[in-house]
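>>> Have a look at this fold, sequence not included:
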């Protein structure tokens, strides 16, 4: 392969990778309204429509969590650190927080609900790797 061919193919593969990553990112990342709409879709699909958040919003990066939920008022906050993760990872985090509207703690009942999302284990692994690589120290237990 000549240098010109190499430059062409490197540029081509980078463009393909960028297009692929853009498709994988969730449309919910663009606004709080889109995030709330995605929560409603996920609640219907994975929680039989039982979880109804009153608000869902993006917040500045949290130090020790990916997201948080206040079951008493039905609010969910999602760290800006998740804006560019693949859609299936963001969906897992949203399902996790929606489950807190039904079960406040992290007991067996809670995890039975969350594991109804088919990519739970994979998403947990992704988030653990992301946190470790960035040195954030965020764990699933938080």
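Sure thing, it's come through. Source: prediction; values computed, not measured. Residues are numbered from 1 along each chain as shown.
>>> all contacts plus neighbour counts: C-alpha atoms, from now on.
Will do.
>>> Ramachandran coordinates for the closest residue to residue 54 other than its chain neighbours?
Excluding its sequence neighbours, the residue lying closest to residue 54 (C-alpha to C-alpha, 6 or more residues apart in numbering) is residue 74, at 5.0 Å. When read as degrees, to the nearest 10, the backbone of residue 74 gives phi 70, psi 20.
>>> Let me see the mean pLDDT of stretch 106-113.
Along stretch 106-113, the predicted confidence averages to a pLDDT of 96.
>>> from the middle of its chain, how far away would it be?
Using C-alpha atoms, centre = their mean, to the nearest Å, the distance from the centre of stretch 106-113 to the centre of the chain it belongs to is 18 Å.
>>> Give the other helices and strands that the helix or strand hosting residue 127 contacts.
When secondary structure is defined using DSSP states H and E, the element that contains residue 127 is helix 120-134. With contacts defined as 3 or more C-alpha pairs under 8 Å, 6 or more residues apart in numbering; DSSP states H and E, helix 120-134 has these neighbours: helix 87-102.
>>> could you pull out the helices for this structure?
Secondary structure of the chain (DSSP state H): helices at 3-24, 32-47, 87-102, 108-114, 120-134.
>>> just checking, residue 131 touches residue 137?
Yes. The pair residue 131 and residue 137 passes the contact test of C-alpha atoms under 8 Å, sitting 5.9 Å apart.
>>> which one of the two has more residues nearby?
Set side by side, residue 131 and residue 137 show unequal neighbour counts under other C-alpha atoms under 10 Å, the larger going to residue 131 at 17 against 13.
>>> Tell me how far the more buried one lies from residue 29.
Note on residue 131: its distance to residue 29, by C-alpha to C-alpha, to the nearest Å, is 19 Å.
>>> which regions of this structure sit below the pLDDT cut-off?
The model of the chain has pLDDT under 70 over residues 10, 13-24, 141-142.
>>> Please repeat the previous calculation with a cut-off of 90.
Scanning the chain for pLDDT under 90 picks out the ranges 1-30, 63, 84, 133-135, 137-142.
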